[in-house]
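here is my input, please return the structure:
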Amino acid sequence: MVVASQTWHLSLPGCTSLKEKRSVVRSLKDRLRNRFNLSVAETDQQDVLTRAEISVALVATDRRFAESVLDKANHLVEESRGALVLDTRRDWP
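Have a look, this model is predicted:
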(Lines give C-alpha, C1' and ligand atoms only; values in the text may rest on other atoms or scores of the structure.)
Protein backbone atom coordinates (compact mmCIF):
# COMPACT_ATOMS: atom_id res chain seq x y z
CA MET A 1 0.00 0.00 0.00
CA VAL A 2 1.22 3.48 -0.92
CA VAL A 3 0.02 6.78 0.53
CA ALA A 4 0.96 9.88 -1.44
CA SER A 5 0.10 13.56 -1.33
CA GLN A 6 0.68 16.56 -3.52
CA THR A 7 0.33 20.26 -2.80
CA TRP A 8 0.05 23.15 -5.24
CA HIS A 9 0.71 26.78 -4.33
CA LEU A 10 -1.39 28.80 -6.75
CA SER A 11 -1.66 32.39 -7.88
CA LEU A 12 -5.18 33.54 -8.77
CA PRO A 13 -4.50 36.79 -10.63
CA GLY A 14 -8.05 37.41 -11.86
CA CYS A 15 -9.75 37.19 -8.47
CA THR A 16 -10.91 40.47 -6.96
CA SER A 17 -13.17 39.03 -4.26
CA LEU A 18 -13.35 35.98 -2.01
CA LYS A 19 -16.44 34.90 -3.93
CA GLU A 20 -14.44 34.75 -7.21
CA LYS A 21 -11.62 32.94 -5.45
CA ARG A 22 -13.99 30.36 -3.96
CA SER A 23 -15.46 29.75 -7.41
CA VAL A 24 -12.04 29.03 -8.97
CA VAL A 25 -10.87 26.89 -6.04
CA ARG A 26 -14.16 24.96 -5.75
CA SER A 27 -14.14 24.18 -9.47
CA LEU A 28 -10.58 22.89 -9.31
CA LYS A 29 -11.25 20.82 -6.19
CA ASP A 30 -14.40 19.29 -7.71
CA ARG A 31 -12.59 18.34 -10.94
CA LEU A 32 -9.73 16.70 -9.00
CA ARG A 33 -12.16 14.82 -6.76
CA ASN A 34 -14.47 13.67 -9.55
CA ARG A 35 -11.91 12.80 -12.21
CA PHE A 36 -9.26 11.10 -10.03
CA ASN A 37 -11.15 10.13 -6.84
CA LEU A 38 -8.67 12.06 -4.69
CA SER A 39 -9.17 13.53 -1.25
CA VAL A 40 -8.88 17.29 -1.81
CA ALA A 41 -8.68 20.29 0.52
CA GLU A 42 -7.74 23.95 0.43
CA THR A 43 -4.96 23.82 3.01
CA ASP A 44 -3.69 27.41 3.28
CA GLN A 45 -4.15 31.01 2.12
CA GLN A 46 -7.94 30.90 2.63
CA ASP A 47 -8.20 34.64 3.32
CA VAL A 48 -5.82 35.86 0.60
CA LEU A 49 -7.63 36.88 -2.60
CA THR A 50 -4.87 36.10 -5.09
CA ARG A 51 -3.30 32.99 -3.56
CA ALA A 52 -4.44 29.46 -2.74
CA GLU A 53 -2.92 26.20 -1.59
CA ILE A 54 -4.65 22.98 -2.61
CA SER A 55 -3.57 19.54 -1.42
CA VAL A 56 -4.63 16.06 -2.48
CA ALA A 57 -4.09 12.65 -0.90
CA LEU A 58 -4.18 9.23 -2.52
CA VAL A 59 -4.00 5.64 -1.30
CA ALA A 60 -2.96 3.14 -3.98
CA THR A 61 -1.77 -0.44 -4.29
CA ASP A 62 1.58 0.49 -5.85
CA ARG A 63 3.79 3.51 -6.33
CA ARG A 64 3.68 3.47 -10.13
CA PHE A 65 -0.11 3.79 -10.18
CA ALA A 66 0.02 6.59 -7.58
CA GLU A 67 2.63 8.47 -9.64
CA SER A 68 0.47 8.11 -12.75
CA VAL A 69 -2.62 9.52 -11.02
CA LEU A 70 -0.69 12.41 -9.44
CA ASP A 71 0.98 13.23 -12.78
CA LYS A 72 -2.45 13.44 -14.44
CA ALA A 73 -3.78 15.55 -11.56
CA ASN A 74 -0.76 17.84 -11.87
CA HIS A 75 -1.47 18.29 -15.57
CA LEU A 76 -5.10 19.19 -14.81
CA VAL A 77 -4.03 21.85 -12.28
CA GLU A 78 -1.37 23.29 -14.60
CA GLU A 79 -3.90 23.59 -17.45
CA SER A 80 -6.60 25.10 -15.23
CA ARG A 81 -7.93 28.51 -16.26
CA GLY A 82 -7.73 31.18 -13.61
CA ALA A 83 -4.93 29.55 -11.59
CA LEU A 84 -1.18 29.69 -12.11
CA VAL A 85 1.04 27.13 -10.38
CA LEU A 86 3.77 28.81 -8.34
CA ASP A 87 5.12 25.70 -6.64
CA THR A 88 4.35 21.99 -6.33
CA ARG A 89 5.35 19.51 -3.63
CA ARG A 90 4.82 15.75 -3.75
CA ASP A 91 5.27 13.69 -0.57
CA TRP A 92 5.88 9.96 -0.18
CA PRO A 93 5.91 8.96 3.48
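
select the longest helix from the protein.
Ranked by number of residues, the top helix in the chain under DSSP state H is helix 18-36.

roughly how far is the host helix or strand of Ala52 from the heart of the chain?
Per DSSP states H and E: Ala52 is located in strand 51-60. In terms of Cα atoms, centre = their mean, to the nearest Å, the centre of strand 51-60 is set 5 Å apart from its chain centre.

what does stretch 26-39 contact?
If you take Cβ atoms under 8 Å, 6 or more residues apart in numbering as the criterion, stretch 26-39 is touched by 40-42, 54, 56-58, 69, 72-73, 76-77, 80, 83. Quick note: C-beta positions are derived from backbone N, CA and C, even for glycine.

which of the residues you listed count as buried?
40, 42, 54, 56, 58, 69, 73, 77, 80, 83 (16 or more other Cβ atoms under 10 Å).

whichever helix or strand the first one is part of pairs with which strands?
With elements taken from DSSP H and E, the one containing Val40 is strand 39-44. For strand 39-44, the paired strands and their directions (DSSP bridges) are strand 51-60 (antiparallel).

pipe the contacts of stretch 26-39 into CSV and attach distance to Leu12 and pLDDT per row.
Output for these, formatted as CSV (distance: Cβ to Cβ, whole Å; pLDDT from 0 to 100):
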residue, distance to Leu12, pLDDT
Val40, 16, 97
Ala41, 17, 96
Glu42, 11, 94
Ile54, 11, 96
Val56, 18, 98
Ala57, 22, 96
Leu58, 24, 95
Val69, 25, 96
Lys72, 22, 96
Ala73, 18, 97
Leu76, 16, 96
Val77, 12, 96
Ser80, 10, 89
Ala83, 6, 91
